[in-house]
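Engineer: Any chance you can model this:
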Amino acid sequence: MEIWINPACSKCRSAVNLLDAEGAEYTVRRYLEDVPSPDEIRGVLDRLGLEPWDITRMQEAEAKDLGLKEWPREAGSRERWISALAGHPKLIQRPIITADDGTAVVARTDEAVRDALGR
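Structural biologist: Down below sits the predicted model:
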């Protein structure tokens, strides 16, 4: 499995600590440094079963600067949102764990991390 993290994020650190405590094998991706491509974001969205606006951190300054609250949340705007996430990775909700079974979870709680471990 892989976990997308921002090391400055307490939820990310908690998720990594829980993975370590459970003896999980995983790869860390510091997604602010190793920015996901639009294709990678599409793949993670498919695995999550979510849309890009579902994993966008709307409270970030970049979201306000881009006016994301006003953007349509519809299929025709999906690529615009994906481009925004790829261009501004800080907007991507974190942490995200891609599980071995091909699914993914937004692992903001211990329960979500354990769910990923059970897949």
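
Engineer: Which helix or strand in the chain has the lowest average pLDDT?
Structural biologist: Ranking every helix and strand in the chain by mean pLDDT, DSSP states H and E puts helix 110-117 at the bottom, with a mean of 94.

Engineer: Now do the buried residues in it.
Structural biologist: 112-113, 116-117 (16 or more other Cβ atoms under 10 Å). (Glycine included, C-beta is placed from N, CA and C.)

Engineer: list the helices and strands that helix packs on?
Structural biologist: Helix 110-117 is packed against helix 10-21, strand 96-98, strand 104-106, with contacts defined by 3 or more Cβ pairs under 8 Å, 6 or more residues apart in numbering; DSSP states H and E.

Engineer: one more time with 6 Å
Structural biologist: helix 10-21, strand 104-106 (3 or more Cβ pairs under 6 Å, 6 or more residues apart in numbering; DSSP states H and E).

Engineer: Dump the ones you listed into a markdown table; add mean pLDDT as well.
Structural biologist: Below are those laid out as a markdown table (pLDDT from 0 to 100):
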| stretch | mean pLDDT |
| --- | --- |
| helix 10-21 | 97 |
| strand 104-106 | 96 |
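
Engineer: Could you say which of the ones you listed is packed most deeply?
Structural biologist: When you average the neighbours per residue for each of the helices and strands packed on helix 110-117 (mean count of other Cβ atoms under 10 Å), strand 104-106 leads with a mean of 23.
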